[in-house]
Structures are given as structure tokens and as C-alpha cells.
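>>> Task: produce atomic coordinates for the following.
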Amino acid sequence: MIRRGVAALTPVVILAMSMAPASIAQQSQTVTAQPQSVSVTVAPERIATELGGKFAFTSTITNNGATDAQGLIAHLNVLSLRNGVYVDPEDWSSNRTRYLDPIPPGQSLTITWRMQAVNDGDFGIYVAVLSESGTPVPPVTGPTIRLDVAERMTLNAGGIVPLVLGIPAALGLLALAVRLRRRG
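Numbering: from 1, shown residues only. The predicted model follows:
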């Protein structure tokens, strides 16, 4: 009985598929279209700084295709390479998305990214380039920059060291002066 029901539906499905509008066929071609032929490089490959340190790097987007690369968006990403470290990329850079001008064939566009380290530890930074058309193709990413952020160690945080050392020394000298006055 089930086989007969499926067999009865088969002509309906085939008929519905044959009556599909041309726009569905065009959409499927768009989905399977190859992404624009671009590549991303970064410099430097490794950065070392301290907590709160400001730094910059560049990414270069190159059009390897035969036509202008248009409608591209470059996006900066930051992630921790250690488990359990929360990273909010917007704290690291306030300008993480760039809408790019068309890049002619064989030409490149270099972007300088300015950042500030807000966590200590080991991080990965990379730039992804996507199409603003919204077609579901994978983004093109450049190599990951290794970022080492050292915890900032300060012996004189806000000028407190002279106070910590100076107050006991001043009290000691005051006590010595009082003793000497009493003896004499």
C-alpha cells in the first residue's frame, strides 16, 4: 500500500519540478558560482606586546582574477589560543570592518589595522574577506598572526612605590629623633 502511494506521488513531484520557474535555476547557479579570485596576506607574522600595548599590522588583498573584484568586505577577527579566555574583538579595535573599493585585475589593496591588547595571553588575529552580495561561498582568509601579550608588571603602579618605602622610613626617622631628644 505504501509503495502504491509513493508511486502515485512520483508523477506529481516530477510535474512540479518540471514547472519550476527559471529564477530557481538561476539562484542555484548563483549559489554554486565560484568566489572571486582574491588572496589575503598579512605582515608581520608574529607580534609581541604587553597588556594595554598598541600595535598595528597590514593585510594585503590581491585580485588574482581577470575582472575587477567588487563588493568585497574585509573583517578583522581576534581569538584566544587558550581555552577559557574571553575575547571581545570590539574591545581590541573599534574599526574591524572595511568596505573595499573595487580592485582591478592583478592589483592589490593594503589595509592597516590598529589595535590595542586588552587581554594577556596567546591570540590569533586574521582577516577574512567576504562578498557583500551575500552568496553562500566561504570567506577568503589570510594567514593567522600569532600575538603574544605579556601581563604588564609594574613596580611603580601609579607612583605608590615611593609612598610604600617612604612612609615607614619617615616614621622610623621621626621615632629616632624623638628618642634622641628624650635622651638629651
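
>>> what number of residues lie near Asp88?
Using other Cβ atoms under 10 Å, Asp88 has 9 neighbouring residues. From N, CA and C alone the C-beta is placed, and that goes for glycine too.

>>> now it: how far from Asn63?
Per Cβ to Cβ, to the nearest Å, Asp88 is found 32 Å from Asn63.

>>> what do you get for Leu174?
On the measure of Cβ to Cβ, Leu174 and Asn63 end up 75 Å apart.

>>> Looking at those two, which one has more neighbours?
With neighbours defined as other Cβ under 10 Å, Leu174 and Asn63 compare such that Asn63 has more, 22 against 10.

>>> Tell me if I'm right that that one and Val40 touch.
No: between Asn63 and Val40 there is no contact under Cβ atoms under 8 Å: 11.3 Å.

>>> so how many other residues sit close to Gly121?
Gly121 has 17 nearby residues by other Cβ under 10 Å.

>>> does it really touch Ser80, like I thought?
Yes: shown here, Gly121 and Ser80 form a contact pair, counting by Cβ under 8 Å, at 6.1 Å.

>>> show me what contacts the closest residue to Arg114 other than its chain neighbours?
In space, and not counting its chain neighbours, Arg114 is closest to Ala56: 4.8 Å by Cβ to Cβ, 6 or more residues apart in numbering. Ala56 makes contact with 112-115 under the criterion Cβ atoms under 8 Å, 6 or more residues apart in numbering.

>>> Make a PyMOL selection of whichever of the residues you listed turn out to be buried.
Here is the PyMOL selection string for the buried members of the contacts of Ala56, based on 16 or more other Cβ atoms under 10 Å:
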select buried, resi 113+115
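
>>> Looking at the contacts of Ala56, which is nearest Gly52?
Distance to Gly52, by Cβ to Cβ, is smallest for Met115 among the contacts of Ala56, at 11.5 Å.
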